[in-house]
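**Student:** I'll drop the sequence and a predicted model, then ask my questions.
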Amino acid sequence: NVGLAATKTLSGLTVGRSYVVTAWVWATFESFPVKLSATSALYETIINHYDRWVQLETSFTAVASTHDIKIYMADGPQISTGQPYIDFIELSVAGDDITDRVLNVEDINWRYGRDQARALSAIAPGNVQFNMLNLDGLYSPNNPVSVLNSSSASGAPVLIRALFENRFYTIFNGFIDDFIINNMPSFFDIRITGLDQLGRMGSMNISTALYSSIYTSQAVHAVLDEIDWPTNKRKIDLGSTIIPWWWEEDVSALEAINKIVRAEGLPAFVYIDDLGNFVFRDRQHRFISDNSINITVIGLSYRFKVP
């Protein structure tokens, strides 16, 4: 229960390091808007949806080994009778904000969904491509003072977010798949290609036991179990198709998932959501899923992060 305000002191922080604080908050229509903030916050967010769990986020650069995190109800015209609630608060180290380095030499492209326009085509990993400026060589691994010196850029996390009405929305959450440095004297830049977690599934081969008369959802769980996908990072529909006999032998996890989606039937699909959950939607989802029966439109102001 938030009440008028809830404050927590964080300790053991590294001075000069940036941190991100994430909190899940529930506020009723009767309560004031809820804001998440921190001492010396780089940005803060305020709730703009009610009667549902909403993710808030703030970031700060530590100026001391301790910092205060605060969730409080912002001022409003009405008398508040409702109380907001906090589910949990998570602290993580922030990556480098490279927004100012991203070049506008071409469109920033990202793609989710199927390889082709046809509904029966295989589902491809989400991917993104963009160029960033590197005149100072800060992101050149062979530079002794580079943040990437003696480490591999491949596989590093990439986060792209859109800021709208004081709240961040995740557009892409994945990792670097390709990192090409252009060191021509006239133009020092880096071409970055990112993939989401489906891309990693394409490089992991599995072999399963033999199953009989199982729902497609059970087959999905079996594939995820083979690659040790966390059980708390799954959002799996029950499925509307029963597979009489199912097994896989020495195929990629992504190929196995695509076979299950085809067995479930259109318009079933899978994707990785903004929180890194593996999501399987069965062929009935358009009749019952909140995302399918409601429309949300957001503005876009891009923010890029790599570690």
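**Tutor:** Cool, the structure landed.
**Student:** can you give me the helices in the stretch 151-300 of the chain?
**Tutor:** 197-201, 216-226, 253-264, 285-288, 290-293 (DSSP state H, counting those that start in this stretch).
**Student:** Tell me the helices and strands packed up against the third one.
**Tutor:** It stands for helix 253-264. Secondary-structure packing of helix 253-264 (3 or more Cβ pairs under 8 Å, 6 or more residues apart in numbering; DSSP states H and E): strand 123-133, helix 197-201, strand 205-207, helix 216-226, strand 269-272. Placement of C-beta: from N, CA and C, glycine included.
**Student:** run the last query once more with 6 Å
**Tutor:** The contact analysis (3 or more Cβ pairs under 6 Å, 6 or more residues apart in numbering; DSSP states H and E) places helix 253-264 against helix 197-201, helix 216-226.
**Student:** nearest to residue 157, of those helices?
**Tutor:** Distance to residue 157, taken as Cβ to Cβ, is lowest for helix 197-201 among these, at 10.6 Å.
**Student:** so how far is that closest one off the chain centroid?
**Tutor:** Distance of helix 197-201 from its chain centroid, counting by Cα atoms, centre = their mean, to the nearest Å, is 13 Å.
**Student:** Which other helices and strands does that helix contact?
**Tutor:** The contact analysis (3+ Cβ pairs under 6 Å, 6+ apart) places helix 197-201 against helix 253-264.
**Student:** how about a cut-off of 10 Å?
**Tutor:** Applying 3 or more Cβ pairs under 10 Å, 6 or more residues apart in numbering; DSSP states H and E, one finds that helix 197-201 contacts strand 123-133, strand 167-184, helix 253-264, strand 269-272, strand 278-281.
**Student:** May I have the strands that pair with the fourth one, each with its orientation?
**Tutor:** It refers to strand 269-272. Under the criterion DSSP bridges, strand 269-272 sits next to strand 278-281 (antiparallel) in its sheet.
**Student:** need the helices of the stretch 151-300 of the chain in TSV with mean pLDDT, can you?
**Tutor:** Output for those, formatted as TSV (pLDDT from 0 to 100):
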stretch	mean pLDDT
helix 197-201	87
helix 216-226	96
helix 253-264	93
helix 285-288	82
helix 290-293	72
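**Student:** Spatially, what comes nearest to residue 220 if we skip its sequence neighbours?
**Tutor:** residue 280 (4.9 Å; Cβ to Cβ, 6 or more residues apart in numbering).
**Student:** contacting residues for that neighbour?
**Tutor:** For residue 280, the contact set (Cβ atoms under 10 Å, 6 or more residues apart in numbering) comprises 216-217, 219-221, 223-224, 234-239, 257, 260-261, 264, 268-271.
**Student:** Can you pull out the low-pLDDT segments for the stretch 151-300 of the chain?
**Tutor:** 151-155, 163-168, 183-187, 291, 295-300 (pLDDT under 70).
**Student:** Distance from the chain centre to the helix or strand containing residue 19, please.
**Tutor:** Assigned by DSSP states H and E, residue 19 falls within strand 18-26. Strand 18-26 sits 14 Å away from the centroid of its parent chain (Cα atoms, centre = their mean).
**Student:** neighbours around residue 209, how many?
**Tutor:** 9 (other Cβ atoms under 10 Å).
**Student:** pLDDT score assigned to residue 44?
**Tutor:** As summarised for this prediction, residue 44 has a pLDDT of 73.
**Student:** now residue 144
**Tutor:** Residue 144 is assigned 73 on the pLDDT scale.
**Student:** From here on, call the first residue 8.
**Tutor:** Fine by me, first position is 8 from now on; the one you just mentioned is residue 151.
**Student:** what's the distance between the residue nearest to residue 133 when sequence neighbours are not counted and residue 281?
**Tutor:** Counting by Cβ to Cβ, 6+ apart, residue 133 lies nearest to residue 203, which is 3.9 Å off, once chain neighbours are set aside. Separation of residue 203 from residue 281 (Cβ to Cβ, to the nearest Å): 10 Å.
**Student:** which of the two has more neighbours?
**Tutor:** Neighbour totals were compared for residue 203 and residue 281, and residue 203 leads with 24 against 14 (other Cβ under 10 Å).
**Student:** For the more buried one, what are phi and psi?
**Tutor:** Torsion angles at residue 203 (phi, psi; degrees, to the nearest 10) stand at phi -90, psi -170.
**Student:** surely residue 216 meets residue 230?
**Tutor:** No: using Cβ atoms under 10 Å, residue 216 is not in contact with residue 230, being 11.8 Å away.
**Student:** And stretch 268-275, how far out from the chain middle?
**Tutor:** Worked out by Cα atoms, centre = their mean, stretch 268-275 lies 24 Å from the chain centre.
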